[in-house]
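>>> build the 3D model from these lines:
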Amino acid sequence: MPDLDALIHAIPKAELHLHIEGTLEPGLMFELARRNRVTLAYDSVDAVRRAYVFSDLQSFLDIYYAACSVLRLEQDFYDLAWAYLERAAAQNVQRAEIFFDPQTHTHRGVPLEAVTSGLHRALQDGQDRFGISSALILCFLRHLSADSAMSTLREALHYRHAFIAVGLDSSEVGHPPEKFRAVFETALGEGLLTVAHAGEEGPPAYVWQALDALHVRRVDHGVRCLEDPALVERLVAEQIPLTVCPLSNVKLRVVPTLARHPLKQMLERGLRATVNSDDPAYFGGYVEDNLRAAGAALDLSRDDVVTLARNSFEASFLPSEDKLRILQQLEATV
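Predicted structure coming up:
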């Protein structure tokens, strides 16, 4: 579909579900390992890539957290974010709202200041160099305790200028959103926005909890919402955005094949779905790659692609005037 591929490349895009640690490409992983004298479990880039065969979310997370061991210094986090921004710019991403997992690093003795400063500095430079508007979303690891999340939030408030929202990620099953109600109430009280992973491997009930207990503005993933007609009705009525990640869902066996992904059905039902890349270094593609693959597998129309792009900006945390400007640019491109 050359015409559709050309459209996908040309239109401005926003990425709303992107874990910065999940952009750690094997080449950079080895470079940082050498810099920081970290011994990896793999002897080559090819060996790393061969390990990227996952049976479920947890099998991915085991490798993901091990790879993060190479991230030690502020410059490492800067280099990680800069590498992503270079790829995003090449794919005409004009807005990126980026997750980061401080507990993954502070539990290894990395200072939170090094994490936030390195990432924040890169995003500022990305605005100057590429014109990419961006923001950080601090995520709590749900397999850890709510007390750990609260401690992380309180420490992170010293760097409040560096992030605009909090989120919830990591192992979903057995860790319901309700567990973090008090943490999110505190974050809301500090003026932070809230999002949460829900309805990926976890049941539709977790999406309800994310909405009612955590008061999220967006649901990350949310593909299992279709199992609950009442939930679909609510999501449509309230136009709650869903940050869908097609290639991730296939890699982690949430869906068996891309051809059976519910993205097109979600659009047909009136859900405000967006397309994102999640952990692109592990799942085989960045946002444009996800759009191309989904477009081919699901026979998406030009209108579908434009709707997905429009949804991504409308669902973003950009100020209204910036949304309007980019949406006008999108319409002009089309």
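
>>> quick check: end-to-end length of stretch 167-175?
Taking C-alpha to C-alpha, to the nearest Å as the measure, stretch 167-175 stretches 14 Å from start to finish.

>>> pLDDT of it, averaged?
Mean pLDDT, computed over stretch 167-175, is 95.

>>> that one: how far from the chain's middle?
Distance of stretch 167-175 from its chain centroid, counting by C-alpha atoms, centre = their mean, to the nearest Å, is 14 Å.

>>> contacting residues for residue 132?
85, 88, 89, 93, 94, 95, 96, 123, 126 (C-beta atoms under 8 Å, 6 or more residues apart in numbering). The way it works is simple: take the backbone N, C-alpha and C, and place the C-beta from them, glycine included.

>>> just residue 190 next, same as before
With contact set as C-beta under 8 Å, 6+ apart, residue 190 has these partners: 157, 160.

>>> related to what we said a few turns ago, can you turn the buried part of the contacts of residue 132 into a ChimeraX selection?
Of the contacts of residue 132, the buried ones can be selected in ChimeraX as follows, counting by 16 or more other C-beta atoms under 10 Å:
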select :85,88,89,93,94,95,96,123,126
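
>>> list just the nearest of the contacts of residue 132 to residue 150.
Nearest to residue 150 out of those is residue 123 (C-beta to C-beta; 25.8 Å).

>>> please name the bridge partners of the nearest residue to that closest one once chain neighbours are set aside.
Nearest non-adjacent residue to residue 123, counting by C-beta to C-beta, 6 or more residues apart in numbering: residue 134, 4.4 Å away. Beta-bridge pairing of residue 134 under DSSP bridges involves residue 96.

>>> I figured residue 134 hits residue 94, correct?
No. At 9.6 Å, residue 134 does not count as touching residue 94 under the criterion of C-beta atoms under 8 Å.

>>> count the residues that sit near residue 212.
12 (other C-beta atoms under 10 Å).

>>> any idea how far it lies from residue 233?
For residue 212, the distance to residue 233 equals 15 Å [C-beta to C-beta, to the nearest Å].

>>> ditto for residue 39
Applying C-beta to C-beta, the value for residue 39 to residue 233 is 53 Å.

>>> what are the ranges of the helices in the stretch 101-250 of the chain?
102-106, 112-130, 146-156, 181-189, 204-212, 229-238, 246-251 (DSSP state H, counting those that start in this stretch).

>>> report the distance from the fourth one to the chain centre.
It stands for helix 181-189. For helix 181-189, the distance to the chain centre is 21 Å (C-alpha atoms, centre = their mean).

>>> again with the last one
In terms of C-alpha atoms, centre = their mean, the centre of helix 246-251 is set 13 Å apart from its chain centre.

>>> which other residues reach it?
In contact with helix 246-251 (C-beta under 8 Å, 6+ apart) are residues 52, 54, 60, 200, 221, 223, 254-258, 261, 263, 275, 277-280, 282-285, 289-290, 293-294.

>>> then it to PDB, C-alphas only?
What follows is helix 246-251, C-alpha atoms only, in PDB (Å, rounded to 0.1, in the frame of the first residue of the first chain):
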ATOM      1  CA  PRO A 246      -0.100  -3.200  18.000                       C
ATOM      2  CA  LEU A 247       3.300  -4.700  17.600                       C
ATOM      3  CA  SER A 248       3.700  -5.000  21.300                       C
ATOM      4  CA  ASN A 249       0.400  -6.800  21.700                       C
ATOM      5  CA  VAL A 250       1.600  -9.400  19.100                       C
ATOM      6  CA  LYS A 251       5.100  -9.800  20.600                       C
END
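
>>> so how far is the helix or strand residue 328 falls within from its chain's centroid?
When elements are assigned from DSSP states H and E, residue 328 belongs to helix 320-333. Here helix 320-333 is found 22 Å from its chain centre; the criterion is C-alpha atoms, centre = their mean.
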